[in-house]
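Visitor: Got a sequence here, can you build the structure:
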Amino acid sequence: MTRSPFRRLVFGALRRLLYLWVRSETINQSSLSLNLDRSRPVFYVLQSPSLTELAVIDAECTKAGLPRPVLPVAVGEMIEPEAFFYLTPEPDWLGRQDKRGAPPALTRLVDALTLNPAEDAQIIPVSVFWGQSPDSESSPWKLLFADSWAVTGRLRRMLRILILGRKTRVQFSAPIHLRELIDLNKGHERTVRMAQRILRVHFRNLKTATIGPDLSHRRNLVKGLVKEPSVRQAILDEAERENISPEKAKAQALRYANEIASDYTYTAIRFFEVILSWFWNKIYDGVKIHDLEGVQNVAQGHEIVYVPCHRHIDYLLLSYLLFRNGLTPPHIAAGINLNMPLMGRLLRRGGAFFMRRTFKGNPLYTSVFNEYMHTLFTKGFPVEYFVEGGRSRTGRMLQPKTGMLAITVRSFLRSSRMPIVFVPVYIGYERVLEGRTYLGELRGASKKKESIFDIFKVIGALKKQKFGQVAVNFGEPIKLAEFLDGEQPGWRQQELAPLYRPEWLHATTNRLGEKVARHLNEAAAINPVNLVALVLLSTSKLALDDRAMARVLDLYLALLRRVPYSSHTTLPEGDGRALIEHVKSMDLLSEQSDALGKVLYLDEQNAVLMTYYRNNVLHIFALPALLASFFQSASRMTREQILRYTHALYPYLQSELFIRWSEDELEGVVDQWLEAFVEQGLLRFENDVYLRPAPSSRHFVLLTLLSRSIAQTLQRFYMAISLLLNSGQNTLSAEELEDLCTMMAQRLSILHGLNAPEFFDKSLFRHFIQTLLEEDVLRRDANGKLSYHELLGELAEGAAKRVLPAEIRLSIRQVALHRAEDAADDTPLSLEKPS
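Guide: Reported below is the predicted structural model:
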């Protein structure tokens with residue numbers, strides 16, 4: 001094409017004409033820059049002939065400083081007039097296409113490199129996307145113009161440029177080194193075929209990852225669900241159970257399918273992109289993304305299941321970011337409560353599918369929903385759901401709800417042709433819109449029903465508050481096949497129970513949920529609000545001198561850099577002083593000045609609100625805070641003593657907070673933290689003993705503040721054990737103990753002025769009791785009453801003396817004792833049976 005000046009002139013004129021309208025951008029350019037060897041010849045390969053796409057690629061190469069595809073390039077002694085070729089030839093005017101022949105340029109390259117063993121050529125697959133959308137029936141505009149899997153004719157391509165040309169994205173993939181294929185010594189023809197096959201698979205996987213799999217007509221998809229054997233059987237069972245005709249049962253199944261299924265359309269995706277671009281830039285000061293490259297690398301050839309934490313409007317943010325970065329927005333599991341008039345229809349077109357809060361007592365609905373999920377997984381649609389179930393009202397990671405995980409595992413056991421990868425996504429906010437609503441619900445207010453009018457309240461909030469930044473961190477992916485290999489070796493050869501429900505499914509999905517939660521916490525984004533909340537809520541009066549505050553924040557940052565929680569965890573930029581100024585600018589921190597300086601404090605409203613932001617990162621500080629707490633009552637401890645008490649308490653902290661380290665890793669991590677404490681002057685190490693600083697020293701104050709961040713959690717543990725011991729063996733059931741713990745926590749929070757609503761959160765006590773049962777510390781008798789080891793009291797008291805102040809221990813024991821005495825007074829006298 002560029003062999004003559006005239007053709008070069010024509011191409012240049014076409015490019016200039018095209019860019020009077022077209023606007024293009026390159027996505028994933030960092031991957032290319034890292035892998036490209038600029039000393040070697042570069043060739044670009046397009047999937048099919050398109051002069052307009054070549055013009056777009058040429059423009060993007062010019063902008064990026066890359067070799068242009070329309071210029072000659074030398075390979076050894078051979079000069080190729082153009083540095084590009086098409087993988088498949090152009091169809092004729094009747095639409096016929098011959099894919100059997102090899103591109104002549106590729107054949108010449110293989111010949112040239114075979115004759116020159118020292119030479120290499122880099123082949124870069126390039127894709128141009130005119131909008132990003134799977135082929136769905138819902139929007140006629142989309143069917144006519146959007147990128148799809150259908151063969152694209154000249155007229156349709158021209159109209160597509162006119163409709164979608166201002167939203168054009170170019171993706172350069174990592175280069176393929178042709179020398180590596182030639183060195184396999186397979187011969188000329190086989191080498192050419194190998195290169196073609198690699199490129200064909202690459203383009204197919206990239207297109208699937210970027211615009212989504214080839215969608216069927218939604219009505220056909222819905223109708224197809226009721227034809228599946230499992231659903232047909234469920235329809236017959238429903239007809240027999242409800243004494244109705246099979247036709248009526250089938251009609252009900254179709255209604256369920258229409259209620260569930262999404263109606264994914266490009267129009268809605270573009271609408272959300274425009275609205276959310278305004279929203280995130282208006283409310284928040286930008287979005288920081290970390291480790292997205294890992295998702296882009298794993299997206300091709302895998303079924304992606306995004307599993308974000310659930311704190312806010314996370315589903316909208318994640319879809320927006322994926323679309324903006326060249327990945328297909330997922331189909332999102334949404335509660336049926338969000339299927340509101342107008343809004344529900346819009347969410348459904350943005351990829352939401354709706355599910356009821358419970359499937360109990362409705363086997364037909366269960367069967368239709370399971371089949372719909374299986375269709376999504378087997379066709380390669382990316383999916384998103386929240387393992388926590390609902391949004392966290394406390395800021396902590398909630399206990400995983402394993403229903404969707406079980407559905408995913410069962411679908412994979414049924415058909416494992418498409419490998420499934422879970423991608424944890426941690427979304428951290430410096431301020432959430434619903435913060436005060438969450439805390440009101442935790443204190444007993446009923447959960448507010450979603451309403452379309454909430455959007456006006458959000459807009460009203462824009463004028464009143466500053467919301468800071470949002471961080472989105474992608475965690476380490478979890479490959480389901482590898483997880484099952486570790487949990488259930490030989491699962492591929494096992495005879496599976498009917499409907500793919502093996503006996504090990506429940507226990508395995510529970511462990512999978514825990515692993516997902518830990519990977520989510522590994523990807524935590526620590527922000528200034530988290531750290532300021534952690535510090536001030538550890539003080540007795542929720543106040544601190546501003547210079548002391550800056551020192552504590554600098555200490556915490558130094559510790560986290562010395563012992564990183566995870567490679568996926570991110571820290572805020574700046575020093576302690578900068579963090580303070582940032583939080584003050586958000587009106588979350590109050591200040592009072594006098595002749596001696598400034599005092600920073602939390603007012604009554606923010607004191608409660610800040611517990612939410614502290615809890616976001618409590619898991620990161622739990623282990624160092626536990627180590628610090630050992631030295632509140634002991635001035636010296638050996639490593640062996642520290643490890644003994646750590647091993648005793650760590651399983652309960654890990655279970656509640658989803659801390660990442662296993663028991664086997666614990667000793668090494670404890671040693672790292674102790675070394676960091678010594679480096680920062682929080683401890684001294686002399687004669688094989690760790691010594692705390694003098695109680696009057698600044699370093700002891702810092703050590704005390706760190707220990708207090710975990711104090712309330714340890715108090716709850718001690719509370720439950722005290723109530724159990726004072727009640728006696730086989731007296732309380734787990735549910736009764738849970739209720740007593742909640743009442744006792746509420747009372748103590750009043751007596752000690754604790755502004756932490758989660759302190760008396762019943763679910764935390766429930767989980768602690770369950771962990772005691774799992775650790776075999778407690779046992780249930782035939783009547784469901786709890787028994788415990790005779791040494792439990794001695795062990796609990798010994799640990800409590802190490803980590804809790806005497807005043808708190810005494811207060812807890814007194815309340816527990818008074819409760820036991822009251823219970824004894826209320827016990828009716830027993831009468832002897834007459835002889």
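Visitor: distance of His582 from Leu589?
Guide: Computed as Cβ to Cβ, to the nearest Å, the His582 to Leu589 distance reads 9 Å. The way it works is simple: take the backbone N, C-alpha and C, and place the C-beta from them, glycine included.
Visitor: Kindly apply the preceding question to Leu544 instead.
Guide: 10 Å.
Visitor: more crowded one of these two?
Guide: Neighbours were counted for Leu544 and for Leu589 using other Cβ atoms under 10 Å; Leu589 has more, 24 against 21.
Visitor: Domains of this structure: list them as residue ranges, please.
Guide: Domain assignment for the chain by automatic domain parsing gives 5-92+99-211, 218-450+472-522, 528-708, 711-825.
Visitor: Any stretches of the stretch 101-250 of the chain with poor pLDDT?
Guide: 131-157, 208-218 (pLDDT under 70).
Visitor: quick one: the strands in it?
Guide: Secondary structure of the stretch 101-250 of the chain (DSSP state E, counting those that start in this stretch): strands located at 122-130, 168-172, 176-177.
Visitor: quick one: common contacting residues for Leu544 and Leu589?
Guide: With Cβ atoms under 8 Å, 6 or more residues apart in numbering applied, the overlap between the contact sets of Leu544 and Leu589 consists of Leu536, Leu600, Tyr601.
Visitor: show me what contacts the last one?
Guide: Okay, so that is Tyr601. Leu536, Lys541, Leu542, Ala543, Leu544, Leu589, Ser590, Glu591, Gln592.
Visitor: Quick one, which of those residues are buried?
Guide: Among the contacts of Tyr601, those buried by neighbour count (16 or more other Cβ atoms under 10 Å) are Leu536, Leu542, Leu544, Leu589.
Visitor: quick one: which of those residues sit in helices?
Guide: Leu536 (DSSP state H).
Visitor: hang on, isn't Asp688 packed against Glu640?
Guide: No. The criterion here is Cβ atoms under 8 Å, and Asp688 misses it with Glu640 at 9.5 Å.
Visitor: Can I get the domains of the chain in a markdown table including distance to Lys466?
Guide: Converted to a markdown table, the domains of the chain look like this (distance: least, Cβ to Cβ, whole Å):
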| stretch | distance to Lys466 |
| --- | --- |
| domain 5-92+99-211 | 30 |
| domain 218-450+472-522 | 7 |
| domain 528-708 | 5 |
| domain 711-825 | 23 |
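Visitor: Compute the distance between Ser567 and Ala471, please.
Guide: Using Cβ to Cβ, one obtains 15 Å as the distance from Ser567 to Ala471.
Visitor: The two: who's more crowded?
Guide: Ala471 (22 against 11).
Visitor: Tell me what that one is bridged to.
Guide: When assigned by DSSP bridges, Ala471 has beta-bridge partners Lys288, Gly428.
Visitor: residues touching it, list them.
Guide: Contacts of Ala471 by Cβ under 8 Å, 6+ apart are Val287, Lys288, His290, Tyr426, Ile427, Gly428, Ala525, Asn527, Thr570.
Visitor: The last one contacts Asn473, correct?
Guide: What that stands for is Thr570. Yes. Thr570 is within contact range of Asn473, at 5.9 Å (criterion: Cβ under 8 Å).
Visitor: shared neighbours, these two?
Guide: In contact with both Thr570 and Asn473: His290, Ala524, Ala525, using Cβ under 8 Å, 6+ apart.
Visitor: Report how far apart the opening and closing residues of stretch 523-532 are.
Guide: 20 Å (Cα to Cα, to the nearest Å).
Visitor: Repeat that for stretch 621-638.
Guide: 22 Å.
Visitor: buried stuff in that stretch?
Guide: 621-632, 634, 637.
Visitor: Please apply the same query to stretch 242-258.
Guide: Ala249, Lys250, Gln252, Ala253, Leu254, Tyr256, Ala257.
Visitor: In strands, which of the buried residues of stretch 621-638 appear?
Guide: Met637 (DSSP state E).
Visitor: got a markdown table for the buried residues of stretch 621-638, with pLDDT too?
Guide: As requested, these are exported to a markdown table (pLDDT from 0 to 100):
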| residue | pLDDT |
| --- | --- |
| Phe621 | 97 |
| Ala622 | 97 |
| Leu623 | 97 |
| Pro624 | 97 |
| Ala625 | 97 |
| Leu626 | 96 |
| Leu627 | 97 |
| Ala628 | 96 |
| Ser629 | 95 |
| Phe630 | 94 |
| Phe631 | 95 |
| Gln632 | 90 |
| Ala634 | 90 |
| Met637 | 95 |
